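Chemist: Model the structure of this input:
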Amino acid sequence: MSDLRKRAYIAFALGGWLCCSTILLSRYMSEMMELNITTNETKNMDKSDTKVDKRQDDECKRVFEWSMIESWKDLNAQTSSTFNMTSLPERKTLKSKRLAPDNKEIEMSILVQNNNLDLTVVDMFPCSKTAMSTPFQINLWHRMVSQYGAFVGVQTAKYRYGLNTTETVYLFDCKRKNNKIEDLPPEWDKIGNTTCDESIKSRASVIITPPTDGFLWDLAWNRDFECFNSEMFKAFASQYVDKSSAMEVVGCWIGRKGRPIREVTNRKDLFKMMHEVFPRVRDIELTQNHSTDETIDLLYECRVLFGVHGAGQMNAIFARPGVSVVEIVGKTGAAYYKNINMLLGQHYEAIMGDDKAINENFEVDLVEARDALTRAKDHAEAWIKEHDGKW
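Modeler: Numbering: from 1, shown residues only. The predicted structure is shown next:
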């Protein structure tokens with residue numbers, strides 16, 4: 001074959017390949033548009049513009065709003081949707097799907113033993129088998145997983161089945177790892193009585209075994225979370241703290257006392273900048289030794305919370321309503337505290353702070369931090385005026 005003929009053949013082949021590729025690409029792009037699949041460039045579009053955003057919005061409302069109580073599927077569908085109080089004991093096993101895209105099932109059960117309705121026991125034994133979310137966890141985020149699951153179980157029994165008893169007691173597995181009831185994190189005392197005595201189950205009118213997974217865990221890495229200002233989640237947070245509000249905008253740094261990673265190396269300059277933004281600045285170090293009431297008192301004045309990614313950011317749940325949160329996240333893709341604050345209807349902003357990995361120390365970009373804190377302060381001031389400091 002001559003060189004001229006070879007060149008003509010190659011040109012023809014390439015032309016055909018490009019033509020087919022263009023057709024396929026055009027068809028692919030058309031299908032992408034038809035399916036409304038969002039990319040990074042379209043994530044900020046109005047929810048009504050994309051079916052995907054709308055689906056996500058409805059999906060997380062299914063999991064984090066009061067209507068979720070009715071979404072649990074009763075596995076004993078052949079029985080009545082209510083308890084037959086003349087034929088006890090009776091157990092209902094309920095299942096629901098986790099937040100998309102996981103959509104795995106989670107389960108809880110409600111057992112009614114007598115119709116006195118004087119005592120509900122929430123059996124936390126299954127949660128104790130899950131190391132990452134055991135009720136005795138030191139990490140505030142991790143232990144809130146089991147507390148929120150217990151909250152969902154109690155609310156479902158109360159509002160779906162009308163099982164509103166006069167007392168609620170949380171039962172814990174103290175034999176596991178030689179735990180003592182005194183070792184429980186302090187938040188449990190805010191939501192009910194606690195015990196390690198298994199015999200209490202024989203006296204209970206209602207025994208709830210809450211879900212051990214899903215819910216808060218599904219927020220951890222969900223960067224596309226769409227729920228905002230959840231009335232149900234705010235009710236959960238209100239168990240711990242009276243949501244009235246201090247009016248002065250105080251900026252609070254949430255430190256990481258005693259932690260070997262994610263220290264801020266330009267801390268002195270950082271605090272100087274914070275004093276330029278806020279009329280008053282507080283440096284708060286929260287540890288596992290603080291009781292819930294002590295934590296609430298420490299955060300009482302805070303209108304803007306600022307700090308490096310870590311479980312300390314979960315303390316926003318104990319702050320006053322309308323608090324603004326600025327989190328230094330580095331390279332992490334974690335969305336734990338972004339999503340928690342969205343559920344609480346609170347202003348949240350993540351800044352890089354430094355382009356290092358999250359297990360290293362940070363030199364915070366002061367210009368980026370100042371801009372974010374100024375926006376947070378402005379939002380806090382506007383929120384207080386609009387809401388008179390109350391949810």
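Chemist: so where does the residue nearest to the spatial centre of the chain fall, helix or strand?
Modeler: For the chain, the residue nearest the mean C-alpha position is Ile340 (3.8 Å; C-alpha atoms, centre = their mean). When elements are assigned from DSSP states H and E, Ile340 belongs to helix 336-343.
Chemist: which residues of the stretch 51-200 of the chain fall in strands?
Modeler: Using DSSP state E, counting those that start in this stretch, the strands of the stretch 51-200 of the chain run over 73-74, 90-97, 105-112, 120-123, 168-171, 193-195.
Chemist: per-residue confidence for Tyr28?
Modeler: For Tyr28, the pLDDT comes out at 33.
Chemist: if you skip the residues just before and after it, what's nearest to Glu107?
Modeler: Spatially, and ignoring its direct neighbours in sequence, Glu107 is nearest to Lys95 (5.1 Å; C-beta to C-beta, 6 or more residues apart in numbering). Quick note: C-beta positions are derived from backbone N, CA and C, even for glycine.
Chemist: So that neighbour is in contact with Ser71, correct?
Modeler: No - the criterion here is C-beta atoms under 8 Å, and Lys95 misses it with Ser71 at 10.1 Å.
Chemist: per-domain residue ranges of the chain.
Modeler: 56-218, 228-387 (automatic domain parsing).
Chemist: how far out from the middle of the chain is the shortest one?
Modeler: The one in question is domain 228-387. Centroid displacement of domain 228-387 relative to its chain, using C-alpha atoms, centre = their mean, to the nearest Å, is 15 Å.
Chemist: Pull up the distance across that domain, start to finish.
Modeler: Terminal residues of domain 228-387 lie 17 Å apart, using C-alpha to C-alpha, to the nearest Å.
Chemist: any residues touching the helix holding Ile340, and which ones?
Modeler: 64, 141, 216, 219-220, 222-223, 225, 227-230, 233-234, 309, 313-314, 316-317, 325, 327, 347-348, 350 (C-beta atoms under 8 Å, 6 or more residues apart in numbering).
Chemist: 7 Å instead, please
Modeler: 64, 141, 219-220, 222, 225, 227-228, 230, 233, 313-314, 316-317, 325, 327, 348, 350 (C-beta atoms under 7 Å, 6 or more residues apart in numbering).
Chemist: Please indicate which of these are buried?
Modeler: 64, 141, 219, 222, 225, 227, 230, 233, 313-314, 316-317, 325, 327, 348, 350 (16 or more other C-beta atoms under 10 Å).
Chemist: Would you mind checking which of these is nearest to Gly255?
Modeler: Among those, Gln313 lies closest to Gly255 (C-beta to C-beta), at 11.5 Å.
Chemist: Verify the stated contact: the closest one with Ala319.
Modeler: No - here Gln313 does not reach Ala319: they are 10.8 Å apart, not a contact under C-beta atoms under 7 Å.
Chemist: can you tell me how far Val249 sits from Ala380?
Modeler: 5 Å (C-beta to C-beta, to the nearest Å).
Chemist: Oh, that last question was meant for Arg267, not what I typed.
Modeler: 23 Å.
Chemist: Those two: which is more packed in?
Modeler: A count of neighbours by other C-beta atoms under 10 Å puts Ala380 above the other of Arg267 and Ala380, at 25 against 15.
Chemist: got the residue ranges for the helices in the stretch 51-200 of the chain?
Modeler: 51-64, 125-128, 140-161, 188-191 (DSSP state H, counting those that start in this stretch).
Chemist: how far off helix 336-343 does the longest one point, in degrees?
Modeler: It stands for helix 140-161. Here helix 140-161 runs at an angle of 30 degrees relative to helix 336-343 (axes from the mean of the first three to the mean of the last three C-alpha atoms, to 10 degrees).
Chemist: could you give the mean pLDDT of helix 140-161?
Modeler: Helix 140-161 comes out at a mean pLDDT of 92.
Chemist: Who are the packing partners of that helix?
Modeler: With contacts taken as 3 or more C-beta pairs under 7 Å, 6 or more residues apart in numbering; DSSP states H and E, helix 140-161 sits against strand 105-112, strand 120-123, strand 206-209.
Chemist: One more pass at 6 Å, please.
Modeler: strand 206-209 (3 or more C-beta pairs under 6 Å, 6 or more residues apart in numbering; DSSP states H and E).
Chemist: related to what we said a few turns ago, report the set of residues contacting both of Val249 and Ala380.
Modeler: Common contacts of Val249 and Ala380 (C-beta atoms under 6 Å, 6 or more residues apart in numbering): Arg303.
Chemist: In whatever helix or strand Val367 lives in, which of the residues would be classed as buried?
Modeler: Assigned by DSSP H and E, Val367 belongs to helix 366-387. Neighbour-count burial for helix 366-387 flags Ala369, Ala372, Leu373, Ala376, Lys377, His379, Ala380, Glu381, Trp383, Ile384 (criterion: 16+ other C-beta under 10 Å).
Chemist: so how far is Phe172 from Glu327?
Modeler: From Glu327 over to Phe172 (counting by C-beta to C-beta), the distance is 32 Å.
Chemist: one step back: neighbours of the residue nearest to Glu107, how many?
Modeler: Residues near Lys95, counting by other C-beta under 10 Å: 14.
Chemist: Enumerate every residue touching Leu305.
Modeler: Leu305 touches Cys252, Ile254, Ala316, Val323, Val325, counting by C-beta under 6 Å, 6+ apart.
Chemist: hmm, 8 Å instead?
Modeler: The contact partners of Leu305, by C-beta under 8 Å, 6+ apart, come to Cys252, Ile254, Leu299, Gln313, Asn315, Ala316, Ala319, Val323, Ser324, Val325, Val326.
Chemist: so can I have TSV of the residues you listed showing distance to Leu184?
Modeler: Output for the contacts of Leu305, formatted as TSV (distance: C-beta to C-beta, whole Å):
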residue	distance to Leu184
Cys252	27
Ile254	23
Leu299	21
Gln313	22
Asn315	18
Ala316	22
Ala319	22
Val323	26
Ser324	31
Val325	27
Val326	31
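Chemist: Spatially, what comes nearest to Asn76 if we skip its sequence neighbours?
Modeler: Ranked by C-beta to C-beta, 6+ apart and with sequence neighbours excluded, the top spatial neighbour of Asn76 is Lys92, at 6.0 Å.
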